[in-house]
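Visitor: my questions are about this predicted structure, shown below with the sequence.
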Amino acid sequence: MDKLPQARIAISVQTEDFDLGHEADVLSAGDRGIGAMVSFVGLVRDLNLAEDVVALELEHYPGMTEKALLGIAEEAAVRWPLNAVRIVHRVGRLHPGERIVLVLTASPHRHAAYEANTFIMDFLKTRAPFWKKEWTPDGPRWVEARDSDLSAAARWHQVVSKQYGNTDHD
Amino acid sequence: MQITVLYFARLRETFQTPSETLDLPTGVQSVAGLIAHLAARGGAWSEELAGGKVFRVAINQELVDFTAQLQAGAEVAIFPPVTGG
């Protein structure tokens, strides 16, 4: 199989909002090998584990967060043929309806772009050191991790070895 | 051996400190040893670290399991399971 050039990976952890169109333009600019780009945008919802969430406070572990996200993107680039990966995760205080996370995956092929995108989100949710605190009318409370997130990440150990044991991704 | 320990999220609030520098007794060599050492402080420490609650540990910003060995100067972080995304 033709070896792709190493995937371009860009990670940002920031308080500011991001612009999906702008990020997608930047990611694909000058790269005619990209045939598919998948975007995932996560939003803050007003019903999480507690009801009536008025705001979320996102804490993270500066330094480890960037390292963990880079490691997850690199792992995806080993498993799928990717031209580029972009991850933006916001921290600080966010309100329902606001964008919280962006994952863009660009590949010659759509299946790789879709699957790598899901893979990155599944591992982001279990390995990247972010913690959500929900503010409700009754006060703050830390969001507890969910078992379903752990099993979503664990399933890749089986799926990937089964479907991607060979190097032909077409 | 001296190490730095960082706490995040609920544990940072419960322990009322974001970080501390620790001089470990010679017997404490692993993550499991460090956790037992901290839990021996009692109160919230034993409740969070020895009460069957789930938490994660990183050494020098990499997730590790309880058998991992500590090195002098290490940055050890103890935090609840992550909830980003």
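Guide: Noted; the coordinates are in hand.

Visitor: pLDDT score for residue 55?
Guide: You didn't pick a chain, so chain A it is. pLDDT for A:A55: 92.

Visitor: look at chain B instead
Guide: pLDDT recorded at B:F55 is 96.

Visitor: and it, how far is that from B:Q71?
Guide: According to CB to CB, to the nearest Å, B:F55 and B:Q71 sit 21 Å apart. (C-beta placed from N, C-alpha, C; glycine too.)

Visitor: which residue does chain A have closest to chain B?
Guide: A:F130 (2.8 Å; CB to the nearest CB).

Visitor: out of B:F55 and B:Q71, which sits in the busier spot?
Guide: B:F55 (16 against 12; other CB atoms under 10 Å in any protein chain shown).

Visitor: let me see the contact set for the residue of chain A closest to chain B.
Guide: Taking CB atoms under 8 Å, 6 or more residues apart in numbering or on different chains, we find A:F130 in contact with A:58-60, A:65, A:89, A:91, B:82-85.

Visitor: just the buried residues from the residues you listed, in ChimeraX please.
Guide: With 16 or more other CB atoms under 10 Å in any protein chain shown as the criterion, this ChimeraX line picks the buried residues out of those:
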select /A:58,59,60,65,89,91 /B:82,83,84,85
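
Visitor: the nearest residue to A:E115 once chain neighbours are set aside: how many residues sit nearby?
Guide: Closest residue to A:E115 apart from its sequence neighbours, by CB to CB, 6 or more residues apart in numbering or on different chains: A:W80 at 6.2 Å. Residues lying near A:W80 (other CB under 10 Å) number 24.

Visitor: for the residue of chain A closest to chain B, what are phi and psi?
Guide: phi -120, psi 150 (degrees, to the nearest 10).

Visitor: is it in a bridge, and if so with what?
Guide: Assessed by DSSP bridges, A:F130 has beta-bridge partners A:H60.

Visitor: distance of whichever residue of chain B sits closest to chain A from A:A116?
Guide: Here chain B gets closest to chain A at one residue, B:G84, 2.8 Å apart by CB to the nearest CB. Plainly put, B:G84 is 18 Å away from A:A116 if you go by CB to CB.

Visitor: what about the strands in the chain?
Guide: Let's take chain A. With DSSP state E as the criterion, chain A has strands at A:8-14, A:36-43, A:55-60, A:84-90, A:92-94, A:99-107, A:130-136, A:139-142.

Visitor: oops, wrong one, chain B.
Guide: B:2-7, B:19-23, B:56-59, B:62-64, B:75-79.

Visitor: what sits against A:Y61?
Guide: By CB under 8 Å, 6+ apart, the contact set of A:Y61 is A:129, B:6, B:8, B:58, B:61, B:77, B:79.

Visitor: of these, which is the most crowded?
Guide: Within the contacts of A:Y61, most neighbours by other CB under 10 Å means A:P129, with 26 neighbours.

Visitor: that one contacts A:G63, correct?
Guide: No - using CB atoms under 8 Å, A:P129 makes no contact with A:G63, being 9.4 Å away.

Visitor: quick check: residues of chain B near chain A?
Guide: B:6, B:8-10, B:54, B:58, B:61-63, B:77, B:79-85 (CB under 8 Å from any CB of the partner chain).

Visitor: name the helix or strand of chain A that has the lowest mean pLDDT.
Guide: Of all helical and strand segments in chain A, the minimum by mean pLDDT, DSSP states H and E falls on helix A:147-163, at a mean of 73.
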